[in-house]
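Student: curious how this folds, go ahead:
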Amino acid sequence: MKPPVALLLFAWLASCSFPDFKVSDAPVVPEPTLPGPAVSCTDAVRNGEETGIDCGITACGDMCPAGQGCLGDEDCESARCVEGRCRSVSCQDAAQNGAESDVDCGGDTGCARCGVGKLCLDRNDCDGGDCIQRRCQAVSCRDELQNGGETDVDCSGECPPCVVGQRCLVAADCDGVACEKERCQLPSCSDQVRNQDETDVDCGGGCSATCADGNRCKLAEDCQSGVCIEQTLRCAVPTCEDDVLNGAEPSRDCGATCTEKCAILQACRVAGDCTTNSCERDRCLPSQATGEKLSTLGWVATASHVASAQNNSPPLALDGVQQTDWATGTLQALGMWFQIDMQKTQVFYSLEIDSINQPNDAAAAFDIYISESGFFPEPPVLSNYQAKKSQLIIAFPKPQVGRYLKFVLSQGGDKWWRMDEIRVKQ
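Tutor: Numbering: from 1, shown residues only. The predicted structure follows:
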């Protein structure tokens, strides 16, 4: 039987001599190898796990610009990875990217503003409404913004109208005032807007202009016709039975346009306005003298001088009694006067003056003044009338109208001035 090969080999090794060999128990360390090129996110080379050159969220922590490779949207600055490539930022890319505050809106990217509920950084990101807690709000009339259909901050459009000084486009944008030069104006009686206390547009109330027929009114004074219908508060059309001077009437409810014509002394414009068919100096007057004596009942006579005797007082010249008279009690002098107040305006054509009791005491000459007010302007109706007669008849070429009649001496004399009776005739 032959011994095993392994046993023979072991015996051979044991007989051999190895003077420099020593057995060690330390682990064996492999020889180092030479390093290859190092992976870096700044080496301008796509390597390692980079999706693009020096970029990729996993490999480098930086996102890749448009055109570089990508595995998903998170690798791209545009957050848009399509078919392994980052696409450019767009306002229609269905992604929130670039400076957008929400998907395809907001920011300073030129994208549309964001609608209600979208993310925002400030109100400029939002389409009209405010940005509150980073969300765009709906437009309101209390958001302190000019938005929606407003012409100024929180006014006009669907909001309350704007006040004086705020911007506007039309009068309806303003709170009851006119819109001129795109600003709400102060109210006036010529702004074509019903405001202030006007009862209708630019008329009535405190305005000088009265309102036309059919316009709104509160009082008769608001209306051109002078009639405000109580039931409707509308200005009435003038009639000849409304007890108001209006329409084409020269005097109240009479004249050429009415069935009833105007009486003597009423105002007129043409002869046809008058019952007498005579309109002189804008008054209806008698067409001719009648010779009828006016009643002196209630008339008041006064004079500059009166004789001390009780039977020479001024009223005695109007009492209708020939035997009584008025006298000055002193010699006639320039400026002495005798005046009659007929208590109302009268129309007359002639005067008759008697000085029969003492013919020598008739006035030498006088001026005659006629007035409706008691103020006697120059010149007189008759000037320096030579009156030295015991009976005077003074006929005027045209009818005279007045309440006050005054005689003033234009010459002195050596006798008293005395008048027995004065008659004023139509």
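
Student: please count neighbours and contacts with C-alpha atoms only from this point.
Tutor: Noted.

Student: I'd say Asp354 and Glu421 touch.
Tutor: Yes. If you go by Cα atoms under 8 Å, Asp354 and Glu421 touch, sitting 5.2 Å apart.

Student: domain parsing of this protein, as residue ranges.
Tutor: The chain breaks down into these domains under automatic domain parsing: 238-287, 300-425.

Student: who wins for proximity to Arg183 among those?
Tutor: Evaluated with Cα to Cα, these place domain 238-287 nearest to Arg183, the distance being 39.6 Å.

Student: and the closest one, how far out from the chain middle?
Tutor: Offset of domain 238-287 from its chain centre (Cα atoms, centre = their mean, to the nearest Å): 39 Å.

Student: ends of it, how far apart?
Tutor: The first and last residues of domain 238-287 sit 30 Å apart, counting by Cα to Cα, to the nearest Å.

Student: again with stretch 116-131
Tutor: For stretch 116-131, the first and last residues are 9 Å from each other (Cα to Cα).

Student: got the contact list for it?
Tutor: Stretch 116-131 has contacts (Cα atoms under 8 Å, 6 or more residues apart in numbering) with 101-102, 105-107, 112-115, 132, 134-140, 143, 145, 147-148.

Student: which of these fall within strands?
Tutor: Using DSSP state E, the members of the contacts of stretch 116-131 that fall in strands are Ile132, Arg135, Cys136.

Student: before we move on, back to that, can you say which of the contacts of stretch 116-131 are buried?
Tutor: 101-102, 105-107, 112-115, 134-140, 143, 145, 147-148 (16 or more other Cα atoms under 10 Å).

Student: mind listing the strands in the stretch 51-200 of the chain by residue range?
Tutor: Using DSSP state E, counting those that start in this stretch, the strands of the stretch 51-200 of the chain run over residues 81-82, 85-86, 131-132, 135-136, 179-180, 183-184.

Student: which residues of the chain fall in helices?
Tutor: With DSSP state H as the criterion, the chain has helices at 5-15.

Student: which residues of it score low on pLDDT?
Tutor: Scanning the chain with the threshold set as pLDDT under 70 gives 1-38, 309-310.

Student: measure the residue most central in space within it to Ala212 for me?
Tutor: In the chain, the C-alpha nearest the mean C-alpha coordinate belongs to Pro187, at 2.4 Å (Cα atoms, centre = their mean). Relative to Ala212, Pro187 is positioned 21 Å away (Cα to Cα).

Student: what of Leu119?
Tutor: 59 Å.

Student: repeat for Lys181
Tutor: With distances taken as Cα to Cα, Lys181 is found 29 Å from Ala212.

Student: so between the two, which is more surrounded?
Tutor: Set side by side, Lys181 and Ala212 give different neighbour counts by other Cα atoms under 10 Å, the larger being at Ala212 (20 against 11).

Student: setting aside sequence neighbours, what's the nearest residue to the more buried one?
Tutor: Gln224 (5.6 Å; Cα to Cα, 6 or more residues apart in numbering).

Student: what's the local residue count around that neighbour?
Tutor: Using other Cα under 10 Å, Gln224 has 22 neighbouring residues.

Student: ok, now Glu100?
Tutor: Here the number of neighbours of Glu100 (other Cα under 10 Å) works out to 26.

Student: equivalent analysis for the one 4 residues further on, please.
Tutor: Residues lying near Asp104 (other Cα under 10 Å) number 24.

Student: that one touches Cys111, doesn't it?
Tutor: Yes. Under the contact definition of Cα under 8 Å, Asp104 touches Cys111, with a separation of 6.4 Å.

Student: save the strands of the stretch 51-200 of the chain as a markdown table, and put in distance to Ala263 too.
Tutor: Rendered in a markdown table, the data for the strands of the stretch 51-200 of the chain read as follows (distance: least, Cα to Cα, whole Å):
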| stretch | distance to Ala263 |
| --- | --- |
| strand 81-82 | 105 |
| strand 85-86 | 105 |
| strand 131-132 | 81 |
| strand 135-136 | 81 |
| strand 179-180 | 52 |
| strand 183-184 | 53 |
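
Student: and of those strands, who's closest to Ser251?
Tutor: Nearest to Ser251, of all these, is strand 179-180, at 42.3 Å by Cα to Cα.

Student: that closest one pairs with which strands, and in what direction?
Tutor: Within its sheet, strand 179-180 is paired with strand 183-184 (antiparallel), according to DSSP bridges.

Student: next, show the common contact partners of Asp104 and Cys111.
Tutor: With Cα under 8 Å, 6+ apart, Asp104 and Cys111 have common neighbours Cys91.

Student: so how far is Gly329 from Ser313?
Tutor: Ser313 is 10 Å from Gly329, by Cα to Cα.

Student: so which of the two has more stuff around it?
Tutor: Ser313 (20 against 16).

Student: which one is the more buried one nearest to, not counting chain neighbours?
Tutor: Trp326 (5.2 Å).

Student: bridging residues for the one you found?
Tutor: The residues listed as beta-bridge partners of Trp326 by DSSP bridges are Met419.

Student: please apply the same query to Ser251.
Tutor: On the basis of DSSP bridges, Ser251 takes part in beta bridges with Cys254.

Student: ok, it - how many residues close by?
Tutor: The tally of other residues near Ser251 (other Cα under 10 Å) stands at 19.

Student: which residues does it contact?
Tutor: With contacts defined as Cα under 8 Å, 6+ apart, the neighbours of Ser251 are Leu245, Cys262, Gln266, Ala267, Cys268.

Student: what number of residues lie near the nearest residue to the fourth one once chain neighbours are set aside?
Tutor: Looking back up the chat, that one is Ala267. In this structure, Ala267 finds its nearest non-sequential neighbour in Arg283, 4.6 Å apart by Cα to Cα, 6+ apart. Arg283 sits with 23 neighbouring residues when counted by other Cα under 10 Å.

Student: can you offset everything so residue one is 26?
Tutor: Shifting the count to begin at 26 puts that one at Arg308.

Student: okay, stretch 368-378 in CSV with CA atoms only?
Tutor: Written as CSV, here are the backbone C-alpha positions of stretch 368-378 (Å, rounded to 0.1, in the frame of the first residue of the first chain):
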residue,chain,number,x,y,z
GLN,A,368,-106.1,155.4,-0.6
LYS,A,369,-105.8,153.3,-3.8
THR,A,370,-104.7,153.7,-7.3
GLN,A,371,-107.2,155.5,-9.4
VAL,A,372,-107.7,156.4,-13.1
PHE,A,373,-108.8,159.9,-14.0
TYR,A,374,-108.9,162.2,-17.0
SER,A,375,-109.6,165.6,-15.4
LEU,A,376,-109.5,167.8,-12.2
GLU,A,377,-111.9,170.5,-11.2
ILE,A,378,-110.9,173.1,-8.5
